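[1] no sequence on hand, only this structure:
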């Protein structure tokens, strides 16, 4: 392995960027490819698949054998609101392999008794985020119903280009939210990224069912990154 | 994706390899490139080895690491990367096979 490539690889991993090391089996040479770098041909297609699925593997592309070792930053979920939905979402997210943390300044809600074993910040989003900023590999679900708490987090999520941004509330509530965020300077295209009403439409009724709908929506967003709402091809979902 | 959100600097094999390199040590990197059947470590896993035969990480559940470290010593000398194969179908199974019954291909290369 090229020592410079090892440095680049570790730097990208530290910065939570999606990166792949591509090794040519024929001559042992390797190169670093970041997600979004233009790579043509069959190798480019194989790289796009690897970035989408997170699966490393041997590929034959354009007549040669390559090993693609893909490193995706572990996705994490930040929930704004230590509410009933969050109590169900936290254990489900852990089972599905996500790190999850919860932010809510209302200490009565954000109590360790209600969220055993979950990273909890009993503080305003704008106080927590400078320490633990959102990034492209963060999913943000705002579920407090309170614009004072939800809006600052949604604004930060839009600026950080989080792979998933969802907000609880009826269509009417969301229309008012869109008005506020438009006034704050966000474009219609940006605001179109907010999933609202939150969660896949599975007719969820209880808080736990809404948590299932939200988690499913987050997983879909993660596995279809950059595909503008398309689903991942069948058989690739992991 | 059960790792934490930050890189585990103390245990990450690729970070350790970079640190060894900074210390001026010769380093070999072994990578699981293919698996068949039941294999203990997924494709992409690393074992890193330095010139003192210190090693970190894993390419199996401890079944073949000894053999990989021995090969790595040769590869550090001659610089030629090598694809190693381990499994029950292989004659090396008698010495260092995978007790789980799987088969793996491990690529070993010198850093630099």
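    Yes, it's here. As the structure is a computational prediction, the values presented were derived from the model and not from experiment. Numbers count the residues shown, from 1 in each chain, chains lettered A, B, ... in the order given.
[2] from now on I want contacts and neighbour counts done on CA atoms only, so please keep to that.
    Will do.
[3] which SSE is residue B:86 in?
    Under the criterion of DSSP states H and E, residue B:86 resides in strand B:82-87.
[4] list the neighbouring strands of that strand plus their orientation.
    With DSSP bridges as the test, strand B:82-87 is paired with strand B:103-110 (antiparallel).
[5] next one: the partner strand to chain centre, how far?
    Counting by CA atoms, centre = their mean, to the nearest Å, strand B:103-110 is centred 7 Å from the centre of its parent chain.
[6] before we move on, what about stretch A:18-30?
    Centroid separation for stretch A:18-30 versus its chain: 27 Å, with CA atoms, centre = their mean.
[7] coming back round to it: buried residues in the strand holding residue B:86?
    Across strand B:82-87, burial judged by 16 or more other CA atoms under 10 Å in any protein chain shown covers B:82, B:84, B:85, B:86, B:87.
[8] now do that strand, average pLDDT.
    Averaging pLDDT along strand B:82-87 gives 91.
[9] next, the angle from the longest strand belonging to chain B to strand B:103-110.
    Counting by DSSP state E, the longest strand found in chain B is strand B:27-36. Computed with axes from the mean of the first three to the mean of the last three CA atoms, to 10 degrees, the direction of strand B:27-36 lies at 160 degrees from that of strand B:103-110.
[10] check whether strand B:27-36 comes near chain A.
    Yes. Using CA under 8 Å from any CA of the partner chain, we find that strand B:27-36 touches chain A at B:29, B:33, B:34.
[11] by neighbour count, which of those wins?
    The residue in the residues of strand B:27-36 next to chain A with the most neighbours, by other CA atoms under 10 Å in any protein chain shown, is residue B:29 (27 neighbours).
[12] tell me, how many residues neighbour the closest residue in space to that residue that isn't next to it in sequence?
    Distance criterion CA to CA, 6 or more residues apart in numbering or on different chains; nearest residue to residue B:29, sequence neighbours excluded, is residue B:48 at 4.6 Å. When neighbours are counted by other CA under 10 Å, residue B:48 registers 31.
[13] for chain B, what is the nearest residue in chain A?
    residue A:1 (4.7 Å; CA to the nearest CA).
[14] tally of neighbours for that residue?
    Residue A:1 is flanked by 20 other residues according to other CA under 10 Å.
[15] from residue A:135, how far off is it?
    Distance, residue A:1 to residue A:135, by CA to CA, to the nearest Å: 29 Å.
[16] go on, residue A:206?
    Separation of residue A:206 from residue A:135 (CA to CA) stands at 30 Å.
[17] can you map out the helices along chain B?
    B:13-22, B:65-78, B:93-96 (DSSP state H).
[18] check chain A too.
    In chain A, the segments counted as helices under DSSP H are A:3-14, A:41-53, A:84-95, A:125-128, A:147-160, A:171-183, A:188-191, A:207-223.
[19] I'd like the ones you listed laid out as TSV, including mean neighbour count and mean pLDDT.
    Output for those, formatted as TSV (neighbours: other CA atoms under 10 Å in any protein chain shown; pLDDT from 0 to 100):
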stretch	mean neighbour count	mean pLDDT
helix A:3-14	18	96
helix A:41-53	18	92
helix A:84-95	19	95
helix A:125-128	16	96
helix A:147-160	19	96
helix A:171-183	14	96
helix A:188-191	12	96
helix A:207-223	20	96
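[20] just put these in TSV and tack on distance to chain B.
    Output for these, formatted as TSV (distance: least, CA to the nearest CA, whole Å):
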stretch	distance to chain B
helix A:3-14	5
helix A:41-53	12
helix A:84-95	9
helix A:125-128	16
helix A:147-160	16
helix A:171-183	29
helix A:188-191	26
helix A:207-223	12
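[21] reformat these as CSV; add distance to residue A:74.
    Converted to CSV, the helices of chain A look like this (distance: least, CA to CA, whole Å):
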stretch, distance to residue A:74
helix A:3-14, 10
helix A:41-53, 13
helix A:84-95, 12
helix A:125-128, 20
helix A:147-160, 16
helix A:171-183, 29
helix A:188-191, 24
helix A:207-223, 11
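[22] which one of those lies nearest to residue B:64?
    helix A:3-14 (24.4 Å; CA to CA).
[23] mind listing the strands the strand ranked longest in chain A pairs with, and their directions?
    Ranked by residue count and defined by DSSP E, the top strand of chain A is strand A:64-71. Strand A:64-71 has its sheet partners listed here by DSSP bridges as strand A:19-24 (antiparallel), strand A:57-61 (antiparallel).
[24] now it, how far from the centre of its chain.
    Its chain's C-alpha centre and that of strand A:64-71 lie 24 Å apart, by CA atoms, centre = their mean.
[25] with stretch A:211-221 instead?
    Centre-to-centre, stretch A:211-221 and its host chain are 11 Å apart (CA atoms, centre = their mean).
[26] can you list contacts of it?
    Stretch A:211-221 is touched from outside by A:85-86, A:88-89, A:92-93, A:139, A:163-164, A:198-202, A:204, A:229, A:231, with contacts defined as CA atoms under 8 Å, 6 or more residues apart in numbering or on different chains.
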